[in-house]
Each structure stands twice: as structure tokens, then as C-alpha cells.
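In: sequence first, then the predicted structure:
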Amino acid sequence: GNSVTQMEGPVTLSEEAFLTINCTYTATGYPSLFWYVQYPGEGLQLLLKATKADDKGSNKGFEATYRKETTSFHLEKGSVQVSDSAVYFCALSDQGTGRRALTFGSGTRLQVQP
Amino acid sequence: DAGVIQSPRHEVTEMGQEVTLRCKPISGHNSLFWYRQTMMRGLELLIYFNNNVPIDDSGMPEDRFSAKMPNASFSTLKIQPSEPRDSAVYFCASSPAAGDTEAFFGQGTRLTVV
């Protein structure tokens, strides 16, 4: 079956530090990959996505590259801000199986200190 | 579009009572998902609908849970009778018919069963 594994948090960084949150996946078909962000008290919002191997998704300074050879989709940002403090979820949808529902990782809490 | 709308935002009920959560998906989206979020289990898919038809309800915890989608603009998740272990945040999400399977989430309903 499909699964997503994320690094455990919390990740605590100082403002302007470099961020990496690791994500690896297992899928039976040809997944699309997503990063979602959840701010306190809110629902999940799509941050970025990639639909095929070697695609790079980017948004708001965040980037992630779809690496089929390592089955990974690590999230990076060069300089984090306090406002980036949130929980980040890696997810996949396996279009090859026709299953439209997303499979989520367990989430990684990011805390950015001033 | 106002996005996915869930009601109520917060619900506190006594054990044994019936609870109904409501969701209005984004107009034109034909897939709808119900997720449950807890600290212990993270985000779990409960059920999803395609064109108002339940496709996968394998995540519904037990017979106390039921979901309906009588039309394209409305869905309910009912718990009867409720138990304290049902306390969680319940999210509804919808996605378009075509293209990749990005999901748009509502703000969630925080359910507390005492």
C-alpha cells in the first residue's frame, strides 16, 4: 500500500536559518506529491506540489523536488521567518491506482524563533 | 468562491449523544473527503465520495459513524452514539474532477465528547 514517512518534530530554528524537512514515500503506482501547511486553528493549505519525477514545486520561498530514484520529496527553504511556524504535511495521491484520496505523513511541527 | 465550508466550528457534546457534522464543498468539485485528525493518529481518511457516491469507507472506525452526500453541494458525517474517544478535529475536503488530485480543506470541526 501507499505510505508517507516524515521526519519527527518539532524542528526549532532561528529566523533566517535554512530549513529541510525530509519526506520519503512508498507507492504502488505513479504518485503526485504534495506539501501542505497547517497554521494553528486552521485547516490544511496546499503549499506546493509535483506531479512527475524531477519536477520541482515551489511557493513562498519553499521548494521540493520529486526524486523517484530515492522516493523522496524533501521540503527546503533558504531563510525561514517566524511566520513560517506551522505544521507541515507531506502527502501523495496515487493516480496509477485511481485512488483520489491523499495519503498523509504524520506532520512535522516547525517553530521559528526571532 | 468561499472555499470548503464546515459547520459547526466547535462542538461539545455528552457521551451517548448524536453528533452531526456538515460540509459544503467547493462548487464544481466532484470528490469529497472526510478526514479525522488526532495527536495520536495524525490525519486519517474516513471516507470519500466521487459524484456523490461513496467510493472508499474503509477508514470509518465502526458502525457508529455514517456519512451521506445527498447532493453535490452538501455532505454530513454523523456519530451515533458518540464516545469520548471520538474527540478530534474533523476535516472535510474537496477536489476537482479533472487534473491532479489536489484537495482543498475546510477549517475543520473540533469535536469534544465529555
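Out: Structure received.

In: number of residues surrounding the nearest residue to residue A:106 once chain neighbours are set aside?
Out: Nearest residue to residue A:106, sequence neighbours excluded (CB to CB, 6 or more residues apart in numbering or on different chains): residue B:42, at 4.5 Å. In this view, the C-beta of every residue, glycine as well, is placed from N, C-alpha and C. Look at residue B:42: counted by other CB atoms under 10 Å in any protein chain shown, it has 15 neighbours.

In: check contacts around residue B:42.
Out: A:104, A:105, A:106, A:107 (CB atoms under 8 Å, 6 or more residues apart in numbering or on different chains).

In: ok, so of the residues you listed, who is nearest residue B:2?
Out: residue A:104 (24.3 Å; CB to CB).

In: how much space between the residue nearest to residue A:106 and residue B:64?
Out: Taking CB to CB, to the nearest Å as the measure, residue B:42 falls 21 Å from residue B:64.

In: go on, residue B:78?
Out: Distance from residue B:78 to residue B:64, by CB to CB: 9 Å.

In: which residues touch the helix or strand that contains residue A:36?
Out: Assigned by DSSP states H and E, residue A:36 falls within strand A:31-38. If you take CB under 8 Å, 6+ apart as the criterion, strand A:31-38 is touched by A:2, A:23, A:25, A:44-52, A:57, A:62, A:64, A:66, A:73, A:75, A:86-96, A:102, A:104, A:107, B:100-102, B:105.

In: report the angle between the one helix or strand in chain A whose mean pLDDT sits lowest and strand A:31-38.
Out: Lowest mean confidence among the helices and strands of chain A (mean pLDDT, DSSP states H and E): strand A:99-104, at a mean of 80. Inter-element angle recorded for strand A:99-104 and strand A:31-38: 50 degrees (by axes from the mean of the first three to the mean of the last three CA atoms, to 10 degrees).

In: now for strand A:99-104, which elements pack on it?
Out: Counting contacts by 3 or more CB pairs under 8 Å, 6 or more residues apart in numbering or on different chains; DSSP states H and E, strand A:99-104 packs against strand A:3-6, strand A:86-94, strand B:31-38, strand B:42-50, strand B:53-56.

In: enumerate every residue touching the residue most central in space within chain B.
Out: With distances taken as CA atoms, centre = their mean, residue B:34 lies nearest the centre of chain B, 3.2 Å away. Applying CB under 8 Å, 6+ apart, we find residue B:34 in contact with B:23, B:45, B:46, B:47, B:48, B:67, B:75, B:77, B:90, B:91, B:92.

In: right, and the third one touches residue B:59 too?
Out: Yes: in terms of CB atoms under 8 Å, residue B:46 counts as a neighbour of residue B:59; the distance is 4.6 Å.

In: how many residues are close by residue 66?
Out: Since you didn't name a chain, this refers to chain A. Neighbours around residue A:66, by other CB under 10 Å: 20.

In: should've been chain B
Out: Residue B:66 has 14 neighbours, counted by other CB under 10 Å.

In: Three-state assignment for it, please.
Out: Secondary structure state of residue B:66, per DSSP: H, G, I helix; E, B strand; the rest coil, is strand.

In: OK, contacts around it?
Out: Listed by CB under 8 Å, 6+ apart, the contact set of residue B:66 reads B:60, B:77, B:78, B:80.

In: kindly recompute the last result at 6 Å.
Out: Each residue near residue B:66 by CB atoms under 6 Å, 6 or more residues apart in numbering or on different chains is listed here: residue B:78.

In: sketch out the low-pLDDT regions of chain A for me.
Out: A:95-99 (pLDDT under 70).
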